[in-house]
Every structure is written in C-alpha cells, then in structure tokens.
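Provided below for reference: sequence and predicted model.
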There are 2 protein chains.
Amino acid sequence: MPPSSSARLSNCSTCNLAELCLPVGLTDEEMQRLDELNMQKRSYARGDYLYRGGDKFRAVFAINRGAFKTRVLHEDGREQVTGFQMAGEIIGLDAISTDMHDGEALALEDSVVCELPFHRLEALSRDIPSLQRHFHRIMSREIVRDQGIMLLLGSMRSEERVAAFLLTLSQRYAARGLSPTQFQLSMSRQDIGSYLGLKLETVSRAFSNFQEKGIIAVRTRSIEILDLALLQAGINSSC
Amino acid sequence: MPPSSSARLSNCSTCNLAELCLPVGLTDEEMQRLDELNMQKRSYARGDYLYRGGDKFRAVFAINRGAFKTRVLHEDGREQVTGFQMAGEIIGLDAISTDMHDGEALALEDSVVCELPFHRLEALSRDIPSLQRHFHRIMSREIVRDQGIMLLLGSMRSEERVAAFLLTLSQRYAARGLSPTQFQLSMSRQDIGSYLGLKLETVSRAFSNFQEKGIIAVRTRSIEILDLALLQAGINSSC
DNA sequence: CATGTTTTTTGACTCACATCAAACTCAATT
DNA sequence: AATTGAGTTTGATGTGAGTCAAAAAACATG
C-alpha cells in the first residue's frame, strides 16, 4: 500500500479526524438537566439491543452510563461495526435519512440511556445547548457518518488507523472531562477491527507494536496513552 | 485481501452497482429540447476546466459532446478522480451539499456543454423528464456520490473493480442508445486507477488478463467487450 | 479452586497489489 | 522518415495485511 506523502493531519481535509468524527456529546450538566426534565430512562444489560435494523426512528438516546456499538449485518451474516458511543454521547442518529434504523445498536456493557423522542427534540434543544448546535443537522436529515467511513476510504495503513482510533477515543473522553490518557476499551479487538476495516490480529499487533515503542500501555480491556505526541506522529506519517 | 463470501452481486446491497451508479442522463430528444430552449452553450478544449474547487455553485451542465472527469486535489498535490461524465449526462452535482464545488471538472476531450442555471432548474425540469426525475434530489441537496466510493469502501479486488467499471460504462453507453460493447476510453489508465483506488499498472494488467481470456479487446483509447456475461461473472466471483 | 470457554497474542506463511524499472506504442512535430 | 515524449505494457521484486494455527491470558462457571 502507498507510502505517500508527509502531509500533516491537520492539513488534510479528507482525513481530518478531529473535525469530522466527534459525535454529539452532552456535558454533565446537560445530562443532569435531562434528568430534571424527567426524560424516560432505561437500563440495558451487556449484549442487549437498544434498537435493531428496520426499527422505526422515533427517538435518539443520550447515554447516561455504559457504552454501545452500532453495526450493520450484511445479508451473508457478516457484521460491520459502524461506530462506538459512550456515556455522555448521543446515539441513534443513523436513521435520520430514512426514518428507519439501517443498523442496530447493542450494549457493550451494562448501560443506562435517556430517551429523547423525536417530537420533543425541538423543545429539548432549546434547553440543551449541545443538542441545539446539532439540531438543524438532525432535522435537515443531513447525513452524519462518523469517521469509520473516512478511515476506510482513505489511504491510511493499519497502524495509522489504530492510532487514529485511539486518538479519537482520547479526544472524546477529554470532551467529557475524563482522562484522555487512560480509559476503558469496552469493545473487543474484533469490534475495533471491524470498525477500522482490519482483522483482529492486525489490531492486536498494532497495539503490541505501539507498546513496544513505549507509546501506549495495553491491558486487555483498558489502555493508557504514554506518549500522545508520538501517537499523533503515527498518523501523520502518511495521510 | 479478503477472499470473502460467494454472495451474488444482485443480493449485496453494499455493492449493487446497477442501482447506485448511473448518473443523471438525458435522451437525445431532451438534449435537443435544451437546444430549442436556447440554453447557453460553451465549448471546452481537452484539458480545460469546466469548474474548479471553491467555485460557487450556480449551475449544472448537460454534456452535449465530449467527456469530463471530476476530481479533488489533496493538499499535498495528489489527485483523486471522483468520476467520469460523458455526452448526454449531467455534471456539476457535486456542489449541492455546500453551495461550493468541492472538486473540479476538466475536459478529457474537446467538449460542448449546455449550462443549466440553478435558478432555472425548476422550470427546466418540467420540460425534461429525466431532469424532473432527479430534481427533488438536487433541490433537497441529498448527497449524491457515484460508485467510486462504493467500490472503494467495498471489498472488491482489483479485477472486480475494473470489470465493474467497464460494465458501468457499458450500461451508460447503452442508456444513450450507443453500442454497449464498443466504446471510447477517453480517460487514461492513470485516471481509471485513481478512480478505482488502484495503480495504473494494476489497471493495465487487469485489461491484459481480460483480453487473454477473450473477455475484451483493448486498444489504447477504446475497448470492445467480447463477452459481457463473463465480465459480469468476474464481478460476482466475490462481492 | 479447578475446569472449560472465550479472547488475545504471537509466529509462520501466503497473496494481492504496490513499487521499480525497462521496453514498447503511438501521436505529434520537425 | 527521424525525433520526441507521454502513455502503456510487462516483468521482477517488495511488502502490508490476511490466513491459519497454536500458545497464552482473561473470564466464567460449577
């Protein structure tokens, strides 16, 4: 695969993750506000479906606690992971262009979500600035794809994809006020691979290589980023 | 790369070219109708730009004679071909989501186009059935990406991509009432490769292999499909 | 705690496509 | 007809990631 140029990530519109991939996130205060407004809350055990392909699009969900993955199942049974959503983020926007969920979402750990019915979104968005900011996109049914696609169609190599993936997670945790250098990985290597268009072994090898270089410290279900700058550099090496 | 399953093309929503890739095309009568309506016509020499990245979106263009390629230029100078448009087809729809062209279009041969100003599209579409059919998509600014993306993000292997590419061209010529088995290739191997996410050598090799098998006859700038069924089969072999 | 099951890691191997380089074609120009 | 140069074909070689398999680690369960 291409060795390609040394363009900086920030200069490359086709693979600028920072701008393109951050999902709709709510602050702690906003999550609490939803509580006060008595929005319906529901619990899901690990493995439970939040919604399935073909379900009518009636609501989006604010994740209170836990994490989910979204995926589509191909006709032949293969799974394609399309994204990960964690506490403080909104999930369920994949249906906006069709009125139907084209994929399904399932809990990666025991989770609690807050349902935001479609017909109440306008009112809610007046109260929740983060929601407001994205409301017009939701209503105009603009297609919001997360960076999975961007990475796939881009020319990134396996380690670059994995580095980009970790950095995105890091940024998302930072946005929630959590540690950007030490966090859970509630999804399996298989899930990560599917999301990035790689095999699980390749993901594992990338982790191992990064660890050998002192960039990260991996444990099975969590990770610590030891050198954010180097991880960044890993992406910029090609683009 | 993946050996993958033996699902049939027609059963595989992620790579069903037939439905997804045919661009907006006008019949001969419709092109003539545009003439009668005195729509502005302009000539472009090979290599001329029809529009450039960043240009304001004021019009779409019906290609009267000739052919164009659309592309985006990356910051580092690399070119990424995003599509090919030929006589009888509409070009310039890439800007609909932003009001600005995100890429540029340039003539692959000496060409004549008919300008259809955005503000006259509604009126025009009442007269031109083909345009009518796509008008709501244009106005609703629905993102219309052609099959380049589909192919790239799919799991097709090099020869499958090239076969799919030729078949699409074939269908498009057929749609214009031209021979679906014998037609010009006004773009270079380089262009085809960029479009399909392959290197020019790989495209050339695919052509040579198909020729050896008696599926096609290649000349430098044109091609004859000798066995359409076999070419189809080449795609279905994986998906 | 012992046992079985799933997930992860690691290694050896394969293969499709990229890369590099040289030869060839064909059109345009002198 | 000879020259040039871009575009194309072909061959030799390299390499990144997939495949297969087995060991190791993590997790679950009686």
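That came in fine, so what should we check first?

Would you mind listing what in chain A touches DNA strand D?
Contact residues (Cβ under 7 Å from any atom of the strand) of chain A with DNA strand D: A:Met1, A:Arg157, A:Ser158, A:Glu159, A:Gly197, A:Leu198, A:Lys199, A:Glu201, A:Thr202, A:Arg219, A:Thr220, A:Arg221. Where you see a C-beta, it was placed from the backbone N, CA and C, and this is true even at glycine.

neighbour-wise, which of those residues leads?
Tallying neighbours with other Cβ atoms under 10 Å in any protein chain shown puts A:Leu198 at the head of these, with 23 neighbours.

With adjacent residues omitted, what lies nearest to that one?
A:Ser158 (5.4 Å; Cβ to Cβ, 6 or more residues apart in numbering or on different chains).

same deal with A:Glu122?
Take A:Glu122 and drop its neighbours on the chain: the residue closest to it by Cβ to Cβ, 6+ apart is A:Phe135, 7.1 Å away.

just checking, that neighbour is part of a strand?
No. According to DSSP: H, G, I helix; E, B strand; the rest coil, A:Phe135 belongs to no strand; its state is helix.

Next up, the contacts around it.
A:Phe135 makes contact with A:Leu121, A:Glu122, A:Ser125 under the criterion Cβ atoms under 8 Å, 6 or more residues apart in numbering or on different chains.

Against DNA strand C, how distant is it?
Per Cβ to the nearest atom of the strand, to the nearest Å, A:Phe135 is found 36 Å from DNA strand C.

For that residue, give its distance to DNA strand D.
From A:Phe135 across to DNA strand D, the span is 38 Å (Cβ to the nearest atom of the strand).

longest helix of chain A?
Identified as the longest helix of chain A according to DSSP state H is helix A:158-175.

now that one: mean pLDDT?
For helix A:158-175, mean pLDDT rounds to 93.

looking at the sheet around A:Arg71, what are its partners?
A:Val81, A:Glu104 (DSSP bridges).

let me fix that: A:Phe183
Note on A:Phe183: beta-bridge partners A:Ile223, judged by DSSP bridges.

That one reaches A:Leu169, doesn't it?
Yes. Counting by Cβ atoms under 8 Å, A:Leu169 is a contact partner of A:Phe183 at 6.5 Å.

Same question for stretch A:188-207: list its buried residues.
Buried residues in stretch A:188-207, defined by neighbour count with 16 or more other Cβ atoms under 10 Å in any protein chain shown: A:188-189, A:191-198, A:202-204, A:206-207.

same deal with stretch A:116-131?
Using 16+ other Cβ under 10 Å as the test for burial, stretch A:116-131 gives A:Leu116, A:Phe118, A:Leu121, A:Leu124, A:Ser125, A:Ile128, A:Ser130, A:Leu131.

distance of the closest residue to the first one other than its chain neighbours from chain B?
This points to A:Leu116. If the residues on either side of it in the chain are set aside, A:Leu116 comes closest to A:Val60, at 5.1 Å by Cβ to Cβ, 6+ apart. Distance of A:Val60 to chain B, computed by Cβ to the nearest Cβ, to the nearest Å: 21 Å.

That's all I had, so thanks and see you.
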